Structure formats: C-alpha cells, structure tokens
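Engineer: sequence first, predicted model second:
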Amino acid sequence: MTEATGQEMTITRVFEAPRELVWKAWTEPERFAQWFGGPPYETPVDTVSLDVTPGGAWRATMVSQEDGSELPFRGTYREVVEPERLVLTFEDVNDPSNKNVEVLTVTFTDLGGKTEVVAHQAGNMPEEQYRQLEDGYATFFDRLAEHLKQA
C-alpha cells in the first residue's frame with residue numbers, strides 16, 4: 001500500500017521474514033546493497049556506509065548498469081530503536097546547505113514470523129516527486145522481499 005499526499009509519502013508492506021532479519025537488511029551494508037536500487041541501478045557494497053547510531057552518517061551510491069552514471073545518497077540517523085524504528089535523513093548531495101533535507105521514518109512491527117514495514121518520507125521536494133517515490137519504494141521493497149527470501 002502506498003500513499004503520496006502533498007510533500008510526503010507512506011508505503012506499507014508485510015514481509016515474510018522475522019523482524020530481526022528485516023532490521024539487518026536495513027542496517028548491514030552487505031544486505032542493504034542487495035536491495036537498495038532497481039533496474040538499471042545496482043548499489044555496490046563498497047559505496048555503502050551505515051553508522052546506525054543517533055547522529056551517525058549513512059551513504060550509498062546507485063550505479064547505472066547501462067551507462068555507469070551514479071546517484072549518490074547520504075544522510076544521518078536521527079533516531080535508532082533496534083529493531084523497531086529508524087529515523088534518517090536524505091540530504092541533497094548537490095546542496096551543501098542541506099536546506100532540502102528529506103526525513104524517512106521506518107517502523108518494523110513484529111507479526112509473529114512476518115514483519116510489517118511502514119516507511120514515511122516527508123520534506124521539501126515538489127509534490128510530483130513524492131508520487132514518483134511511490135514507484136521507487138515499490139521497487140526497493142520488491143527487491144527487499146527477494147533478498148529476504150534468499151537470506
């Protein structure tokens with residue numbers, strides 16, 4: 001389920017995996033690199049750094065398998081409650097002032113062997129970009145589901 005309204009977007013998905021494993025997929029670079037991206041982009045593990053502590057930095061770069069172009073991402077963790085909740089920022093790497101920071105809140109709910117993940121992103125992007133995020137997160141979550149099946 002996804003919903004984009006105004007300058008925010010929420011996606012909810014239930015994964016067929018225990019919460020601890022889903023948490024690790026979001027917090028361990030080797031696992032994160034497996035699902036963060038989507039055709040034609042892949043995320044090489046050597047571009048992923050996750051300091052999953054309040055105030056810790058994160059970064060990842062998606063690389064196009066077609067032309068080698070890069071989409072760098074970075075931010076900081078604002079809140080970490082293992083294995084229940086992550087609050088992190090997406091900072092515009094082209095804006096050193098960081099005026100256009102997006103905030104992503106991810107909650108992980110234990111459903112007895114399954115995990116409900118709710119991702120809510122809000123910030124300053126134009127409204128139409130939040131609708132585009134729906135497709136992006138749907139791809140991420142499809143890849144995450146595949147990763148969790150193989151884990």
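Structural biologist: That came through fine.

Engineer: mind checking pLDDT for the residue most central in space within the chain?
Structural biologist: Nearest to the geometric centre of the chain sits Phe36, at 6.8 Å (CA atoms, centre = their mean). Listed pLDDT for Phe36 reads 96.

Engineer: likewise the one 4 residues further on?
Structural biologist: If you check Pro40, the pLDDT there is 94.

Engineer: dump the helix or strand that contains Tyr130 to CSV, restricted to CA.
Structural biologist: Tyr130 belongs to helix 127-150 when assigned by DSSP states H and E. Extracted in CSV, the C-alpha atoms of helix 127-150 (Å, rounded to 0.1, in the frame of the first residue of the first chain):
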residue,chain,number,x,y,z
GLU,A,127,4.6,17.2,-4.8
GLU,A,128,5.0,15.3,-8.1
GLN,A,129,8.3,13.8,-6.9
TYR,A,130,6.5,12.2,-4.0
ARG,A,131,4.3,10.4,-6.5
GLN,A,132,7.5,9.2,-8.3
LEU,A,133,8.9,8.0,-4.9
GLU,A,134,6.0,5.5,-4.7
ASP,A,135,7.4,3.7,-7.7
GLY,A,136,10.9,3.8,-6.3
TYR,A,137,10.0,2.5,-2.9
ALA,A,138,7.8,-0.2,-4.6
THR,A,139,10.9,-1.4,-6.5
PHE,A,140,13.1,-1.2,-3.4
PHE,A,141,10.6,-3.3,-1.4
ASP,A,142,10.2,-5.8,-4.2
ARG,A,143,14.0,-6.3,-4.1
LEU,A,144,14.0,-6.4,-0.3
ALA,A,145,11.4,-9.2,-0.4
GLU,A,146,13.6,-11.2,-2.8
HIS,A,147,16.7,-10.6,-0.7
LEU,A,148,14.8,-11.8,2.4
LYS,A,149,13.7,-15.0,0.7
GLN,A,150,17.3,-15.8,-0.1
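
Engineer: apart from its chain neighbours, what residue comes closest to Phe141?
Structural biologist: Sequence neighbours aside, Arg13 is the residue nearest to Phe141 in space, at 4.8 Å (criterion: CB to CB, 6 or more residues apart in numbering). C-betas here are computed from N, CA, C, even on glycine.

Engineer: name the SS class of the one you found, please.
Structural biologist: Recorded secondary structure, Arg13: strand (DSSP: H, G, I helix; E, B strand; the rest coil).
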